[in-house]
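Trainee: Have a look; sequence and predicted model below, questions after that.
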Amino acid sequence: MKRVLVLGSTGSIGLAALDVIRAHPEHYRVAGLSAHTAADTLLEQAKAFGVKRLALTGAAAGPEFITGPDAAVKLVQATEPDIVLNGIAGSAGFLPSLAAVRMGATLALANKESLVVGGKFIRATAQKSGAEIIPVDSEHSAVFQCLQGERHDDIARIILTASGGPFYDRPQETFGSITPEEALKHPVWRMGPRITIDSATMMNKALEIIEAAWLFDLPGEKIDVCIHPQGIVHSLVEYKDTSIKAQLSLPDMRLPIAIALAWPERIETGLKRLDFSRMPSLTFCVPDETKFRALRIGRQALTRPETAPCIMNAADEVAIKAFLERRIPFTRITDLIEQTLDTLWDEHISGPEDLLDLDRKARGITEGLIPCS
């Protein structure tokens with residue numbers, strides 16, 4: 001029986017995680033739940049799973065909740081779980097991830113920003129405590145599975161697949177007219193607004209390149225991206241003998257969550273199986289990095305891995321919010337990220353707390369670049 005803390009339990013990842021846990025009551029017990037502001041939903045989940053430890057990070061509530069911006073960290077410390085599944089959106093997930101690995105818990109990581117913002121500190125702390133980090137992003141879960149039984153020195157490269165979002169075949173000259181409604185229509189996955197817009201700009205893949213570098217201890221030049229619109233091949237690993245291993249499944253986040261919770265074992269998921277007699281043709285193509293500049297920005301950020309990814313992520317979150325509020329056009333999202341990086345390129349940090357200051361500083365600069373409405 002493993003005690004699982006689900007952070008971000010009211011979001012798409014959290015709901016999928018609770019589905020997996022609900023199907024296996026003999027293996028898992030929910031140790032605690034957190035959300036940002038959805039107090040009513042959190043109470044419903046607590047009742048369904050018999051949970052007493054709850055946290056709200058973005059709203060004041062009754063005595064049954066730990067509240068405040070550090071509520072998720074306090075919940076990790078109070079519950080001392082075996083597994084922390086971090087499904088919090090954005091950079092707010094960094095400190096809870098750091099708290100989890102500090103106590104030696106297994107970190108089932110769906111919050112890629114934890115490694116984008118502070119990969120150096122997460123990795124060093126996990127190595128010291130013996131905590132295991134198991135990725136929940138479908139692409140990184142695929143790489144994780146393909147690496148089992150292989151030597152690190154034999155890796156030639158990893159290939160992260162990308163759906164391409166809704167615009168991979170749309171002419172670049174029309175990008176200026178893209179609306180929030182169009183950008184939120186992802187062709188494969190159903191996700192929160194931030195990650196969906198990131199998929200449309202391919203900034204999501206830039207973040208995943210950085211996440212993969214920290215997870216698998218690889219330089220950026222050994223991490224490639226290919227567009228695979230069908231979403232069946234979730235990623236691949238090529239070895240120095242030219243062999244390539246791939247992980248395939250129908251797209252459903254419950255699979256990588258189940259893998260992270262059960263590893264090194266596997267559990268029944270009840271998910272639909274691939275039927276090769278009905279499967280469409282699988283296609284792959286190289287992304288146009290002129291059209292999707294976010295990929296180049298992500299690779300550039302990896303040249304200053306301690307600070308630039310944190311700046312990039314903060315600027316991205318602010319720019320996406322402005323786009324969804326119709327304060328900037330779609331094409332300005334990557335412009336604002338580049339401008340913020342240029343302004344703060346020479347910043348330095350000495351500890352994880354400095355990253356929080358750098359995050360706030362980057363957000364302020366990006367916001368200042370947005371015209372007042």
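Mentor: Looks like it came in fine.
Trainee: rest of the way, CA atoms for contacts and neighbours
Mentor: Noted.
Trainee: Least confident secondary structure element in this structure?
Mentor: Within the chain, no helix or strand scores below helix 193-201, which has a mean of 90 by mean pLDDT, DSSP states H and E.
Trainee: packing partners for it?
Mentor: Counting contacts by 3 or more C-alpha pairs under 8 Å, 6 or more residues apart in numbering; DSSP states H and E, helix 193-201 packs against helix 180-183, helix 203-216, helix 308-324.
Trainee: repeat that with 10 Å
Mentor: Helix 193-201 sits against helix 180-183, helix 203-216, helix 294-301, helix 308-324, helix 332-344, with contacts defined as 3 or more C-alpha pairs under 10 Å, 6 or more residues apart in numbering; DSSP states H and E.
Trainee: Ok, which of those comes nearest H234?
Mentor: Minimum separation from H234 across the helices and strands packed on helix 193-201 (C-alpha to C-alpha) falls at helix 203-216, 12.5 Å.
Trainee: Could you identify the helix or strand that succeeds that closest one?
Mentor: strand 223-227 (DSSP states H and E).
Trainee: thinking again about what came up before, adding mean pLDDT and mean neighbour count, write the helices and strands packed on helix 193-201 out as a markdown table.
Mentor: Shown next, in a markdown table, are the helices and strands packed on helix 193-201 (pLDDT from 0 to 100; neighbours: other C-alpha atoms under 10 Å):
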| stretch | mean pLDDT | mean neighbour count |
| --- | --- | --- |
| helix 180-183 | 94 | 14 |
| helix 203-216 | 96 | 24 |
| helix 294-301 | 96 | 21 |
| helix 308-324 | 97 | 24 |
| helix 332-344 | 98 | 19 |
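Trainee: I159 is nearest to which of these?
Mentor: helix 203-216 (9.6 Å).
Trainee: Kindly export the closest one (C-alpha atoms) in PDB.
Mentor: Extracted C-alpha coordinates of helix 203-216, given in PDB (Å, rounded to 0.1, in the frame of the first residue of the first chain):
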ATOM      1  CA  MET A 203       7.100  26.300 -26.400                       C
ATOM      2  CA  ASN A 204       5.800  23.200 -24.700                       C
ATOM      3  CA  LYS A 205       8.300  21.200 -26.600                       C
ATOM      4  CA  ALA A 206      11.100  23.700 -25.800                       C
ATOM      5  CA  LEU A 207      10.300  23.200 -22.100                       C
ATOM      6  CA  GLU A 208      10.400  19.500 -22.600                       C
ATOM      7  CA  ILE A 209      13.800  19.600 -24.200                       C
ATOM      8  CA  ILE A 210      15.100  21.300 -21.000                       C
ATOM      9  CA  GLU A 211      13.200  18.900 -18.800                       C
ATOM     10  CA  ALA A 212      14.700  15.900 -20.800                       C
ATOM     11  CA  ALA A 213      18.200  17.400 -20.400                       C
ATOM     12  CA  TRP A 214      17.800  17.300 -16.600                       C
ATOM     13  CA  LEU A 215      15.900  14.000 -16.400                       C
ATOM     14  CA  PHE A 216      18.200  12.000 -18.500                       C
END
